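Undergrad: Here's a sequence, model it:
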Amino acid sequence: MPKESREKSSPFACRVDHIIIQAGGKGNRLGELTKNKPKGIVPVDNKPIIFHLFDKFPDKKFIVIGDYLFDVLKKYLHAFANVKNIPVKATGTGTCGGIGQALEFVPDGEPFMIIWSDIILAEGFNLDFEVSGNLIGISKDFECRWRYKDGVFEESPSKEHGVAGLFIFTDKEYLKDIPENGEFVRRLSQSGMEFDEISLSGAREVGTMEAYNEQENGIKNKEFRCRPFNELIFDGELVVKKYLDAQGKALAQREVDWYREAASLGFKQIPEITGYAPLTMKKIQGFNIFKKSRSEKEKLRLIDRLIASLSELHSLKTAQNDRFSILEAYYTKTMSRLSGVRELIPLADERHITVNGKSCRNVFFYRDSFYKKITDKLLDAEFAFIHGDCTFSNIMTDEELNITLLDPRGYFGFTELYGDVFYDWSKLYYSIFGNYDQFNNKRFKLTIEEKSVNLETASNGFEDAAEYFLQNIPNRDDEKVKLIHAIIWLSLTTYAREDYDSICGAFYNGLYYLEDLL
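TA: Numbers count the residues shown, from 1 in each chain. Predicted coordinates for the structure are as follows:
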């Protein structure tokens with residue numbers, strides 16, 4: 001019989017260097033979320049589930065077991081994982097499937113961890129303890145199908161003593177006879193193996209739609225949705241914006257520079273800034289444009305206000321046109337981002353892709369036509385002080401429809417603060433006609449067939465006002481707006497890297513909107 005389990009409560013020195021992530025299975029409990037991707041890269045809190053582990057233990061070596069849509073998993077890890085990792089395709093089934101194969105990459109005599117891919121560990125959990133015996137993670141916050149108490153496994157639901165899907169073994173010899181198929185916990189229950197307990201208090205299990213929706217609704221109901229590289233902290237009437245990585249730091253500095261410039265030029269339709277290190281502003285009394293239903297009259301009034309606001313911004317100061325920045329923003333950056341995800345995107349090696357019933361030329365095969373269109377249409381851009389990211393998500397209004405601009409981009413190509421004024425108009429069109437904000441909030445359905453795709457995006461409710469918008473912007477040029485709009489979708493691919501479906505959807509949207517312009 002296993003010895004009486006002893007809960008570990010204090011941290012001590014550790015040598016666990018290898019982590020096996022069991023990410024196999026179809027993820028049926030996550031419904032539509034795993035239609036196009038395996039469950040391990042379903043995004044939670046703005047990052048794929050298993051990337052929470054990567055970020056928590058960046059110095060470890062990961063062996064990631066997959067089977068369903070394994071090529072998607074492998075290519076996604078190759079494109080975006082910044083840790084040492086080896087993907088392994090399971091030949092067996094069940095939670096035992098692939099473990100024997102994964103163990104081939106764990107050195108003899110060294111401790112290692114096995115964890116289910118749908119577990120997100122608490123912030124305070126660490127591996128700073130010495131492994132003197134095999135350990136089993138015990139849930140304290142969610143119910144598990146198996147229970148482990150007093151050294152005994154029982155197939156009985158438990159929240160306080162649940163087997164949560166984390167195991168640490170001192171040597172892979174303990175699993176030398178692991179079968180290719182079957183249930184891992186059941187196998188352990190029959191092995192007579194001894195375990196000490198380790199508390200997983202604060203951990204989250206996100207392997208079901210119920211648990212996933214609970215996590216995501218917390219994000220969607222927030223006033224602002226952040227990218228993985230930044231976060232907002234609300235402190236009473238103040239909002240503090242902090243960066244989380246090097247990309248966030250660079251963007252934060254540009255945002256600060258933009259607000260300083262806007263204030264120096266006397267532009268009033270920005271938040272009241274109370275500090276720049278970190279960026280701190282007074283909370284705005286209002287809401288994002290796309291989060292409230294509008295009458296047709298209100299929509300047209302809002303568009304008038306938006307056009308007036310951006311026209312005022314652009315009139316504050318102009319700059320010399322920089323063709324190097326134009327080509328960087330519209331062509332070089334776009335193709336570079338697309339090249340980085342080409343392997344990931346289904347049908348990306350086809351000359352034509354049918355998107356929502358329209359046969360679209362693939363930009364990878366028509367890049368010369370794409371480049372010529374940009375040089376013919378966009379090189380003579382007028383440069384002025386621009387916002388650079390004026391989507392509905394970055395604009396607040398109050399009940400009187402007063403406008404406040406947020407989250408400026410702060411650069412265009414190689415140029416700081418100043419750029420093509422039509423980039424701003426196209427970003428607005430991106431929300432008015434392209435429904436970007438709903439797409440950004442994952443309110444879309446993507447179906448990928450053998451030779452075609454279908455993409456349905458929820459509506460911001462402004463499509464009927466798109467023509468009114470185009471009619472009223474200064475120096476009207478519909479083709480220019482629509483061309484830049486398509487380019488913006490194509491460039492979103494890598495920027496939306498936290499979600500595989502968003503990467504693919506942005507690419508297909510870009511091709512769809514570009515087709516009528518090439």
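Undergrad: give me the number of residues near the closest residue to Lys451 other than its chain neighbours?
TA: Counting by C-beta to C-beta, 6 or more residues apart in numbering, Thr354 is the residue found nearest to Lys451 once chain neighbours are left out, at 6.3 Å. For every residue, glycine as well, the C-beta is placed using N, CA and C. Residues within reach of Thr354, counting by other C-beta atoms under 10 Å, total 18.
Undergrad: Likewise for the one 10 residues further on?
TA: Counted with other C-beta under 10 Å, the neighbours of Phe364 add up to 18.
Undergrad: do the one 4 residues further on as well
TA: Other residues within reach of Asp368, judged by other C-beta under 10 Å, total 8.
Undergrad: hang on, the earlier thing: within the sheet, what are the partner strands of the helix or strand hosting the residue nearest to Lys451, with directions?
TA: Thr354 belongs to strand 352-355 when assigned by DSSP states H and E. Counting by DSSP bridges, the strands paired with strand 352-355 are strand 358-361 (antiparallel), strand 452-457 (parallel).
Undergrad: Out of those strands, indicate the one that is most buried.
TA: Mean neighbours per residue, mean count of other C-beta atoms under 10 Å, is largest over the strands paired with strand 352-355 for strand 452-457, with a mean of 18.
Undergrad: I'd like the distance from that one to the chain centre, please.
TA: 19 Å (C-alpha atoms, centre = their mean, to the nearest Å).
Undergrad: Now stretch 509-518: buried residues?
TA: By neighbour count on 16 or more other C-beta atoms under 10 Å, the buried set for stretch 509-518 is Asn509, Gly510, Leu511, Tyr512, Tyr513, Leu514, Glu515, Leu517.
Undergrad: next one: stretch 261-281
TA: Glu261, Ala262, Phe267, Gln269, Ile270, Pro271, Leu279, Thr280, Met281.
Undergrad: Kindly report the same for stretch 73-91.
TA: So, applying 16+ other C-beta under 10 Å, buried residues of stretch 73-91: 73-77, 79-81, 83, 85-88, 90.
Undergrad: out of the residues you listed, which are inside helices?
TA: Leu73, Lys74, Lys75, Tyr76, Leu77, Ala79, Phe80 (DSSP state H).
Undergrad: ok, so of these, who is nearest Ala486?
TA: Ala79 (22.8 Å; C-beta to C-beta).
Undergrad: Quick check: Phe290 touching Phe392?
TA: Yes: between Phe290 and Phe392 there is a contact under C-beta atoms under 8 Å: 4.3 Å.
Undergrad: between those two, what contacts are shared?
TA: Ser431, Asp437, Asn460 (C-beta atoms under 8 Å, 6 or more residues apart in numbering).
Undergrad: Now do the contacts for the last one.
TA: The contact partners of Asn460, taken as C-beta under 8 Å, 6+ apart, are Ile289, Phe290, Phe392, Ser431, Ile432, Asn435, Asp437, Gln438.
Undergrad: biggest helix in this protein, by residue count?
TA: helix 296-316.
Undergrad: ok, residues contacting whichever helix or strand comes after it?
TA: Proceeding C-terminally, helix 296-316 gives way to strand 318-319 as the next helix or strand, assigned by DSSP H and E. For strand 318-319, the surrounding residues in contact (C-beta under 8 Å, 6+ apart) are Glu382, Phe383, Ala384, Phe385, Thr415, Tyr418.
Undergrad: and Gly100, what element?
TA: helix 99-103.
Undergrad: Assign a three-state SS to Lys442, would you?
TA: When classified by DSSP: H, G, I helix; E, B strand; the rest coil, Lys442 comes out as coil.
Undergrad: follow-up on the earlier one: my guess is the residue nearest to Lys451 contacts Glu450, does it?
TA: No: with contacts counted by C-beta under 8 Å, Thr354 stays clear of Glu450, the gap being 10.3 Å.
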